[in-house]
Structure formats: C-alpha cells, structure tokens
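K.L.:
attaching a predicted model along with its sequence, questions to come.
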Amino acid sequence: MAILIDDPQWPAHGRLWAHLVSDTDLDELHAFAAAAGIPSRAFDLDHYDVPDERHADLVAAGAEHVGGKELVRRLRASGLRITARERRDARR
C-alpha cells in the first residue's frame with residue numbers, strides 16, 4: 001500500500017499542480033489527504049489535485065514521489081483509475 005505523488009507540472013489557476021493517488025484503496029487516500037489537511041474539494045474521482053507548494057510536505061508525510069507515467073501505471077494496476085470518459089459522464 002502506498003500513497004503516490006507525481007511532479008507538479010499541471011498548470012491551472014496560476015500555479016502548478018500534482019496528483020496524489022493510492023495504489024490500493026481510496027479509503028487510504030482519503031485518510032492520508034485528511035491527515036495532511038487537503039480539502040475534500042480537491043478530490044477528482046481517483047486522485048487529489050495538490051498545489052506545488054504542498055509537494056515537499058506531502059512527501060515528508062509519507063507520499064512516494066514517482067514520475068507521472070509511473071503514477072498512472074500504478075493507478076491503472078490498482079483498478080482505481082477513472083477514464084476520461086467516466087470522468088466526463090460523472091460530471092453530467
């Protein structure tokens with residue numbers, strides 16, 4: 001079981017963002033996010049969007065830093081990955 005975080009490279013709202021995921025369980029992810037003070041509004045169906053300034057403290061709190069491709073590979077392997085189509089459908 002691991003919480004994973006990729007590089008903050010996704011631009012939005014004037015800053016860069018990283019993704020925080022679990023490789024096994026959404027309950028584990030939600031518990032980690034809550035303990036780290038990440039608001040629930042940052043959750044996007046299979047990951048949390050976290051601003052670049054939080055990256056180092058999330059790694060210090062136990063998140064494993066991985067590259068973006070590795071994060072997606074492990075998220076898919078976990079069965080937790082939400083596809084772009086599923087994401088669009090969920091927002092309707």
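P.N.:
Great, that's in hand. Numbering: from 1, shown residues only.

K.L.:
pop out the phi and psi values for the residue nearest the centre of the chain.
P.N.:
Centroid-nearest residue in the chain: Leu20, 2.1 Å away (criterion: Cα atoms, centre = their mean). Listed backbone geometry of Leu20 is phi -120, psi 120, with angles given as degrees, to the nearest 10.

K.L.:
residue contacts, it?
P.N.:
Neighbour list for Leu20: 3-5, 29, 32-33, 38, 47-50, 58, 63 [criterion: Cβ atoms under 8 Å, 6 or more residues apart in numbering]. Placement of C-beta: from N, CA and C, glycine included.

K.L.:
ok, now Trp10?
P.N.:
By Cβ under 8 Å, 6+ apart, the residues touching Trp10 are Leu16, Trp17, Ala18, His19, Asp49.

K.L.:
for ChimeraX, what selects the buried ones among those?
P.N.:
To isolate the buried members of the contacts of Trp10 in ChimeraX, using 16 or more other Cβ atoms under 10 Å:
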select :17,18,19,49
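
K.L.:
show me the two of the contacts of Trp10 that sit farthest apart.
P.N.:
With distance counted by Cβ to Cβ, no two of those lie farther apart than Leu16 and His19, which are 11.4 Å apart.

K.L.:
mind listing which of the contacts of Leu20 are in strands?
P.N.:
Ile3, Leu4, Ile5, Tyr48, Asp49, Val50 (DSSP state E).

K.L.:
pretty sure the fourth one contacts Ala36?
P.N.:
It stands for Tyr48. No: with contacts counted by Cβ atoms under 8 Å, Tyr48 stays clear of Ala36, the gap being 9.1 Å.

K.L.:
who has more neighbours out of these two?
P.N.:
A side-by-side neighbour count of Tyr48 and Ala36, using other Cβ atoms under 10 Å, places Tyr48 first with 26 against 18.

K.L.:
nearest spatial neighbour of the more buried one, chain-adjacent residues omitted?
P.N.:
Spatially, and ignoring its direct neighbours in sequence, Tyr48 is nearest to Leu20 (4.2 Å; Cβ to Cβ, 6 or more residues apart in numbering).
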